[in-house]
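Enquirer: test case, fold it:
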Amino acid sequence: MATAAWHHSPSHRRARLLVTVVLAVLGALLGATLGLLRPPSATATTTILIDPLDGNPFSTSTRGDNLTNLGTEAQLVGSSDVISRVIAKTGTALTPDVLHSALTVDVPTNTQLMEISVSTRRAEAAVTLSQAFAEQFLLARKDRAMTQSNAQIDSLETEIAERQKERTSLTGALATAGASEVATLQSQIDSVNTQIVSLQSRVAQLRAGPFSPGQIVSPAASEAAPLWRFWPVLAALGGLAGLAAGAAVALLRRQAHGRAIVRAPRVLGALTDEDLAATTPPSQAARTTALAILTTERRRPFVILIVSATEAPPVTADALAVAIAATEHRSVIVDVAGASKVPSVAGLPDLLAGSRPVPDLDEMVTSIAPGDIASMEDLLLSPRMSAIVDELLLRADVVLLAATGQSSYAAKALADIADRVVVEAPSPDQAEAGWGESLLGIVLVPRPADGQTPGAREPR
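Expert: Next up is the predicted model:
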């Protein structure tokens, strides 16, 4: 319950309040900065009515009457030709790229209308530019139509001149022709005259137009920027967001501490003195505890650090190793505490000193004896210790590191090598909180009496 008092102490309430205030201030500053760097822009919109024109995408000759070509016309509003005309007309200092990014063109569904909008920081500039885009686009349409019409007229007049030359030649031949050739030549002259009249009629149609590109039906009018774009409003919104973030952080921290208060480590099993003494065959309790370990930690191979909640050596390593081996998982105990009675195949000091290699493991359960490890305890942190464990993992499925009490030097040194930690204790609340996520669980063992180790037995 001391943890609960710490969690609800006035100092921690003040810390959470301070975090919330800091986040609110940061949010307000961020919102205000965003508003000042990107001030609210004004938007002006001009609506125009598009008339079909020859030489333009939206024309009756290109089936523009079905409105499918209005999208192409909308793209032409932002063409380099129209933008150049707008710059020349208004004298704006904005670059073509900026003008193009400020321009928006919408085509309402099933209409011949086009809405040209321009957004700038000043409302007056937006109105001027929107109106200029509409006017210059209509002029560009008209010029494009007239250019197309003039090109067709030039082509037709060239063809008319050729037909007239042909007619003159035929007329001259008719004057000197014999009686048998007169009818044929006259028929050719009539055909040429018909072609000339048709071509001249087409020229007359092209000269007549139409050349009306459309008209402005709604002059440029500016729209007020939305309220949220102004920096004081953005600052207020940022402050509220910061308050919400601070409250969320405080709630999450409180829930995390709350879980830490009420959550107890998982109990993997409970072993009595009889279970600890009778390792071969393993007792039912030892088998159940081994099953809990193997189903909780599913990687293979893996390393388990077994430590005692007291300063006494751990007593469960032998029983657990034998029970794990019964499931066809080869086990080896690296005994640092001197509590294992399993026959050893090497001494840990010799392996750390490099005087002998890591031996092969011929049996399903073996151990590495501690020897005089106290004089070489610092080498538990050495790369050689990690290399020894790595080599053992090539030979065994489970490596159990048996160290003295959970606060001992050996236990802390071997914690970095182990994948998970198992603490043996008389009650679940005696495991240190510092193990964190590496704590696999608790194995309950009898409380030692008169300094005796539970489950102790004479060496075989």
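
Enquirer: average model confidence for the strand or helix carrying A161?
Expert: Per DSSP states H and E, A161 falls inside helix 123-176. Mean pLDDT, helix 123-176: 89.

Enquirer: ok, stretch 432-439 next?
Expert: What stretch 432-439 shows for mean pLDDT is 84.

Enquirer: use 21 as the first number from now on
Expert: Done: numbering now begins at 21, and the last item shifts to stretch 452-459.

Enquirer: what about it, start to end distance?
Expert: By CA to CA, to the nearest Å, the extent of stretch 452-459 from end to end equals 9 Å.

Enquirer: and the helix holding A181, what does it pack against?
Expert: Using 3 or more CB pairs under 8 Å, 6 or more residues apart in numbering; DSSP states H and E, the elements in contact with helix 143-196 are strand 62-70, helix 90-96, helix 100-110, strand 133-140, helix 199-228, strand 234-243. (Each C-beta comes from the backbone N, C-alpha and C, glycine too.)

Enquirer: could you give the angle of the longest one to helix 143-196?
Expert: Yep, that's helix 199-228 we're talking about. Angle between the axes of helix 199-228 and helix 143-196 is 170 degrees (criterion: axes from the mean of the first three to the mean of the last three CA atoms, to 10 degrees).

Enquirer: let me know the outermost residue of the chain.
Expert: A199 (93.9 Å; CA atoms, centre = their mean).

Enquirer: that residue and G47: what is the separation?
Expert: Distance, A199 to G47, by CB to CB, to the nearest Å: 107 Å.

Enquirer: L123 now?
Expert: From L123 across to G47, the span is 34 Å (CB to CB).

Enquirer: P369 too?
Expert: 60 Å.

Enquirer: pick out whichever of the two has more residues nearby.
Expert: Using other CB atoms under 10 Å, the more surrounded residue of P369 and G47 is G47, with 23 against 18.

Enquirer: name the element the more buried one belongs to?
Expert: helix 30-57.

Enquirer: please apply the same query to V354.
Expert: V354 is part of strand 351-355, with elements assigned from DSSP H and E.

Enquirer: who does that strand pair up with?
Expert: Applying DSSP bridges, strand 351-355 is found paired with strand 385-389 (parallel), strand 418-422 (parallel).

Enquirer: buried set for it?
Expert: By 16 or more other CB atoms under 10 Å, the buried positions in strand 351-355 come out as 351-355.

Enquirer: tell me the contacts of the one residue sitting closest to the centre of the chain?
Expert: For the chain, A265 is the residue whose C-alpha lies nearest the centre (CA atoms, centre = their mean; 20.6 Å). Contacts here follow CB atoms under 8 Å, 6 or more residues apart in numbering; on that basis A265 touches 43, 47.

Enquirer: what about it, which SS state?
Expert: Per DSSP: H, G, I helix; E, B strand; the rest coil, the secondary structure class of A265 is helix.

Enquirer: any idea how far it lies from A62?
Expert: Per CB to CB, A265 is found 33 Å from A62.

Enquirer: right, so the strands paired with strand 351-355: which one is the most enclosed?
Expert: For those, average neighbour numbers computed from mean count of other CB atoms under 10 Å are highest in strand 418-422, which has a mean of 28.

Enquirer: C-terminal to that strand, what's the next element?
Expert: With DSSP H and E, the next secondary element past strand 418-422 is helix 429-435.

Enquirer: helices or strands next to that next one in the packing?
Expert: Partner elements for helix 429-435 (3+ CB pairs under 8 Å, 6+ apart): strand 322-328.

Enquirer: relative orientation of the strand it packs on and strand 418-422 in degrees?
Expert: Using the same axes, to 10 degrees: strand 322-328 against strand 418-422 is 20 degrees.

Enquirer: sheet partners, orientation included, of strand 322-328?
Expert: Strand 322-328 pairs in its sheet with strand 418-422 (parallel), strand 440-445 (parallel), by DSSP bridges.

Enquirer: so how far is the longest one from its chain's centroid?
Expert: Right, the one you point to is strand 440-445. Distance, stretch centre to chain centre, for strand 440-445: 39 Å (CA atoms, centre = their mean, to the nearest Å).

Enquirer: phi, psi of A290?
Expert: When read as degrees, to the nearest 10, the backbone of A290 gives phi -130, psi 130.

Enquirer: correct me, but it touches Q304?
Expert: No: the criterion here is CB atoms under 8 Å, and A290 misses it with Q304 at 11.4 Å.

Enquirer: neighbour count winner among these two?
Expert: For A290 versus Q304, the count of surrounding residues by other CB under 10 Å is larger for A290: 14 against 10.

Enquirer: before we move on, the earlier item: so which of the helices and strands packed on helix 143-196 gets nearest P363?
Expert: strand 133-140 (85.0 Å; CB to CB).
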